[in-house]
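S.K.: this one's structure only:
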């Protein structure tokens with residue numbers, strides 16, 4: 001199956017209740033079609049693109065509470081966005097399509113392109129004007145991180161790359 005560009009290589013995942021994410025890779029020609037096909041899959045409707053069915057409930061307005069953070073029950077992972085760019089029109093288009101569809105949770109990590117994914121996520125949020133976007137990021141559990149201060153420093157570095165004072169998740 002050929003994926004249409006960088007946008008199609010990105011994954012959408014359910015974030016509800018921290019269950020193992022359902023990751024989808026669907027063929028299409030635009031970010032909007034990609035999000036629509038993923039949503040059709042999650043909503044349990046027959047997708048004309050992939051032919052999959054699922055018994056999950058309608059996620060168009062469903063929200064999930066993660067601690068004090070209120071997010072869409074569907075999120076978008078940025079692992080497969082370009083790891084060599086800090087600005088990318090396809091990544092911006094996929095974020096815009098997600099925001100327009102009610103998806104506001106974006107997952108990234110310092111390990112994705114050695115922090116480049118976090119910078120690209122920030123760039124996309126700024127370009128799209130996605131003030132409602134919530135970002136989840138992760139630090140890499142590398143051997144040279146021996147104590148709590150190493151974790152704090154990793155989080156500070158992620159916050160700087162994301163351009164925020166505090167990380168949503």
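M.R.: Received the coordinates, thanks. Quick caveat: nothing in here was measured; it's all calculated off a predicted structure.

S.K.: When you work out contacts or count neighbours from here on, use the C-alpha atoms and nothing else.
M.R.: OK.

S.K.: biggest helix in the protein, by residue count?
M.R.: For the chain, the helix reaching the highest residue count under DSSP state H is reported as helix 148-162.

S.K.: got the contact list for it?
M.R.: 110, 115, 118-119, 121-122, 137, 139, 145, 165-167 (Cα atoms under 8 Å, 6 or more residues apart in numbering).

S.K.: Which of these ranks first by neighbour count?
M.R.: Of the contacts of helix 148-162, residue 118 is surrounded by the most neighbours, 31 neighbours in total, counting by other Cα atoms under 10 Å.

S.K.: What about the contacts of helix 148-162, which are in strands?
M.R.: Counting by DSSP state E, the contacts of helix 148-162 place none of their members in strands.

S.K.: tell me which of those is nearest to residue 99?
M.R.: residue 121 (13.2 Å; Cα to Cα).

S.K.: Look up how far residue 65 lies from the closest one.
M.R.: Using Cα to Cα, to the nearest Å, we find residue 121 at a distance of 22 Å from residue 65.

S.K.: Turn the contacts of helix 148-162 into a markdown table, columns for pLDDT and distance to residue 158.
M.R.: A markdown table is the format used below for the contacts of helix 148-162 (pLDDT from 0 to 100; distance: Cα to Cα, whole Å):
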| residue | pLDDT | distance to residue 158 |
| --- | --- | --- |
| 110 | 93 | 6 |
| 115 | 93 | 7 |
| 118 | 96 | 7 |
| 119 | 96 | 9 |
| 121 | 96 | 11 |
| 122 | 96 | 11 |
| 137 | 96 | 8 |
| 139 | 91 | 8 |
| 145 | 88 | 15 |
| 165 | 94 | 10 |
| 166 | 94 | 9 |
| 167 | 95 | 8 |
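
S.K.: Switch the residues you listed over to JSON lines; also include distance to residue 75.
M.R.: Formatted as JSON lines, these follow (distance: Cα to Cα, whole Å):
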{"residue": "110", "distance to residue 75": "18"}
{"residue": "115", "distance to residue 75": "20"}
{"residue": "118", "distance to residue 75": "16"}
{"residue": "119", "distance to residue 75": "18"}
{"residue": "121", "distance to residue 75": "13"}
{"residue": "122", "distance to residue 75": "16"}
{"residue": "137", "distance to residue 75": "12"}
{"residue": "139", "distance to residue 75": "19"}
{"residue": "145", "distance to residue 75": "29"}
{"residue": "165", "distance to residue 75": "22"}
{"residue": "166", "distance to residue 75": "19"}
{"residue": "167", "distance to residue 75": "16"}
